[in-house]
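1. Pasting the sequence and the predicted coordinates here, then a few questions.
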Amino acid sequence: MEIPAALEIRDLSACYGDRKILRRVNMRIERGEIFGLFGPNGAGKTTLVRAVCGRLKPYEGTIMIGGKAIRHGVARQIGLVPQEIALYPHLTILENLQVFGRLSGLGATETKDAIGEVIKHTALAGRLQERVEVLSGGWKRRVNIAAAILHRPALLILDEPMVGVDIDARITLQNVILKLRDSGVGILLITHDLQQAETMCTQVGFLHKGGIEPQGAPRALLDLAFDGQHEIIIETQLPVSVDDEVVLRERGFSPVEGGQCWSVISNSPLHEITEHLEQSGLATKEVRFRKPGLDSLFLHLADQPGTGFGGPRR
Amino acid sequence: MILAMLRVMTLGLLRDRGALVLAFALPPAIFVVFASIFSATTSDKLDLKVAVAQLSSTPASQRLEAALRQEPTFEVIGAVRSNRAEVESLVKRGAADTGLVIRGELYDTGAAPFEVLVDPSKLMAGSIVSGRVQELVARRLPDLLLSRTAITFQSVIGTFTPEQSGRLAAAVEAGARISEPQGATNPPGLVATASVGSSDSSGATVTYYAGAVAILFLLFASLQSAAILIEERNSGIIDRIAVGPGGSAVVVLGKLMFLTIQGVVQVGLIFIVAQLVYEVDVIRRLDLWLLITVAAALGASGLALAVATACTTKQQAQTVSTFVVLICSAVGGSMVPRFMMPDFLQEIGRLTPNTWAIEAYYGVFWRHETLPDVVPEIVSLLAMAVVGTASALIVSRRRLRF
């Protein structure tokens, strides 16, 4: 028997008053899959989440969660991890889990069992009696996720789950999310961290102008956009002069990170580009060469007029 | 699910010692302060400081001074002065509440023999002293009154005969020997004052302020506690809960339950103090007390939730809460009894939960009213609870969409 998708959206349109935010959006997240959703601010990510959570009635289209059409306001199949730490700071980790277990519709015994399972996934054992207010950012983020999966949702929505955490906590959180994916949960990951998404997501989608386009497996999208090309990133020794800028732009470079870093996606060999720059008298501090990533794709889309992308360049 | 929300609020309160003290120790303490202040000021045993000047010393004025010094309502401060300016200065400086100038011969009907000097901010003290002096003269110096009255009579009916004058002189002389009224031998005064209900006026005030402080704190505590809704909204907690089966209604209803229980405990503490310290008979009317208290706590909670859901920031909620509590308490009679207000304010006051709660408590514990008598107040409080909670449910649901 076919296992229904964690989330399936067909031709979803949603609006606030006369303003149409989503236009015939289609997407599908299988169980055990992570879908990374990106897009500039105001593109409609929050609106999409609200529609999926049943808080916004779609103008048209259908949303199926775990194979069932979502009914307005009833969404027990969803676990939501907001960007903020949505926990009670004066309660301990255990008390928070107990409260959110009951609030997600579990009975007392079910909640107890669920907590036992969730602390294994999120490695929270040992600090259960500590109040959330005294935890570090990484631990709070872990509890934030744990509180959303107690009722074993088919779909977990993670809204920027790693904002403001250090590198160690980031790795731990990544492992927690991957473990959840392996346990069969479908995950919708909303993030601006494209490198992280590239390593974690099985599918990604760019939301802009009300639609998700392009979407697909990260590698497939990158191959499609930059087939056989590579990205060259240079860092200049001094701030770039007007003459230097002309030279760089002639070679197809775009500025990143405040003007001393420039990048280009090209088929040309690296030595040809660097030699040309040296002949032009541009002093480089560092030259990097890599395969284009999702961030490059994001920049590529941003350079296309009318996409609405105005997000920060990495 | 609602119980889970109740648990969150309860643990939050128990772990915040400051809030705990404010919630449960402050209301009885404020009640004791209010009851002490107002039971003293509304009784007839005021302790007014009176500066006295005697412009000419006569036997009659000396007798009056002695009577004034024995009067329990007054405290004649210092020695009796000999000029008006000194007394006026004492009143102006606030060293005396009022001044009393005994101007001259008390038998002289051409001018008022007494002048009461009063600061404009203490006009009531002037009226009390004026009335008390007149009463004192009638009670302790009846010969003076008789003499002044006889002079007035003679101006109307003509000079007394020698025999009448002789009998009048004897009566005046006899009156001068009287230090206290002789009961049946004296005719009754024009006005007799009778206290209705219990004669303990301070008891009435204490009962009044038990209700007044109770509703004041119900509003205050509910509005403060309900503001946590805004924090929950900002931290995403409501977003998280809203995707669950209970939706945002769980948050509102859980808080309604907590605020109501907290309110009942707060009011309970106030009335325990009223029972133990001021002998307000709460235990005998416990059923009605509970009914009124639950209705009042529900009403205050409903209002608080409506305000908290309508406000977008905590600062906004605090400002609106302060405004609501102050206006309702001032107009509704929690600070000053409504009968002392202008008519239009009394009418506005009828629309406040303070008036409903105060009238219900006062009716039961002082006027010994029964359930049918307080049904209108209880229904009004419950209606406020229903309207407030419904508004909070609708607004919180709407807010999730934007």
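-> Yep, it's here. Only a predicted model underlies this, so the values are computations on that prediction, with no experimental measurement involved.
2. now stretch B:299-306: how far from the chain's centre is it?
-> Mean-position distance between stretch B:299-306 and its chain equals 25 Å (C-alpha atoms, centre = their mean, to the nearest Å).
3. Mind checking the pLDDT average for that stretch?
-> What stretch B:299-306 shows for mean pLDDT is 96.
4. tell me the secondary structure for the residue nearest to residue B:245 when sequence neighbours are not counted?
-> Of all residues not flanking residue B:245 in the chain, residue A:105 sits nearest, at 4.2 Å (C-beta to C-beta, 6 or more residues apart in numbering or on different chains). Using the backbone N, CA and C atoms, a C-beta is placed for each residue, glycine as well. Here residue A:105 takes the coil state, with states given by DSSP: H, G, I helix; E, B strand; the rest coil.
5. Identify the residues contacting the residue most central in space within chain A.
-> When C-alpha atoms, centre = their mean is applied to chain A, the residue found nearest the centroid is residue A:191 (2.7 Å). Counting by C-beta atoms under 8 Å, 6 or more residues apart in numbering or on different chains, residue A:191 makes contact with A:36-38, A:158, A:160-162, A:197.
6. Would you enumerate the residues in contact with residue B:86?
-> Contacts of residue B:86 by C-beta under 8 Å, 6+ apart are B:51, B:53.
7. related to what we said a few turns ago, could the contacts of residue A:191 go into JSON lines alongside distance to chain B and pLDDT?
-> Shown next, in JSON lines, are the contacts of residue A:191 (distance: C-beta to the nearest C-beta, whole Å; pLDDT from 0 to 100):
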{"residue": "A:36", "distance to chain B": "20", "pLDDT": "94"}
{"residue": "A:37", "distance to chain B": "17", "pLDDT": "92"}
{"residue": "A:38", "distance to chain B": "20", "pLDDT": "88"}
{"residue": "A:158", "distance to chain B": "12", "pLDDT": "93"}
{"residue": "A:160", "distance to chain B": "11", "pLDDT": "88"}
{"residue": "A:161", "distance to chain B": "12", "pLDDT": "88"}
{"residue": "A:162", "distance to chain B": "15", "pLDDT": "85"}
{"residue": "A:197", "distance to chain B": "21", "pLDDT": "86"}
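8. What is the neighbour count of the residue nearest to residue B:245?
-> Applying other C-beta atoms under 10 Å in any protein chain shown, we find 15 residues neighbouring residue A:105.
9. That one reaches residue B:243, doesn't it?
-> No - contact criterion C-beta atoms under 8 Å: residue A:105 and residue B:243 do not qualify, at 10.7 Å.
10. Quickly find the element holding the residue nearest to residue A:166 when sequence neighbours are not counted.
-> Nearest residue to residue A:166, sequence neighbours excluded (C-beta to C-beta, 6+ apart): residue A:138, at 6.6 Å. For residue A:138, the enclosing helix or strand under DSSP states H and E is helix A:137-146.
11. so after that helix, what's the next helix or strand?
-> By DSSP H and E, the next helix or strand past helix A:137-146 is strand A:155-159.
12. Can you name the residues of the stretch 1-150 of chain A that neighbour chain B?
-> Neighbours of chain B within the stretch 1-150 of chain A, by C-beta under 8 Å from any C-beta of the partner chain: A:16, A:50, A:53-56, A:73-76, A:78-88, A:90-91, A:95, A:98-100, A:102-105, A:147-148.
13. Got a quick ChimeraX command for the buried subset of the residues you listed?
-> Restricted to buried positions by 16 or more other C-beta atoms under 10 Å in any protein chain shown, the ChimeraX selection for the residues of the stretch 1-150 of chain A next to chain B reads:
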select /A:50,53,54,55,56,73,75,76,78,79,80,81,82,83,84,85,86,87,88,90,91,95,98,99,100,102,103,104,147,148
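14. Other residues contacting the one helix or strand residue A:180 maps to?
-> Per DSSP H and E, residue A:180 falls inside helix A:167-182. Residues from elsewhere that reach helix A:167-182 (C-beta under 8 Å, 6+ apart): A:32-34, A:121-123, A:136-139, A:141-142, A:145, A:149, A:156, A:158, A:161-162, A:165, A:187, A:189, A:196, A:199-200.
15. same question, stretch B:369-388
-> Residues contacting stretch B:369-388 (C-beta under 8 Å, 6+ apart): B:288, B:291-292, B:295-296, B:298-299, B:301-306, B:353, B:356-357, B:359-360, B:363-364, B:367.
16. any low-confidence regions in the chain?
-> Picked chain A for this. In the predicted model, chain A carries pLDDT under 70 at residues A:1, A:71-75, A:257-259, A:302-314.
17. looking at chain B here, not the other one
-> B:39-46, B:104-109, B:178-202, B:401-402.
18. Grab the nearest non-local neighbour of residue B:333.
-> Nearest to residue B:333 is residue B:358, by C-beta to C-beta, 6+ apart, at 5.3 Å.
19. show me where chain B has strands.
-> Taking DSSP state E, the strands of chain B run over residues B:48-54, B:74-76, B:98-102, B:114-118.
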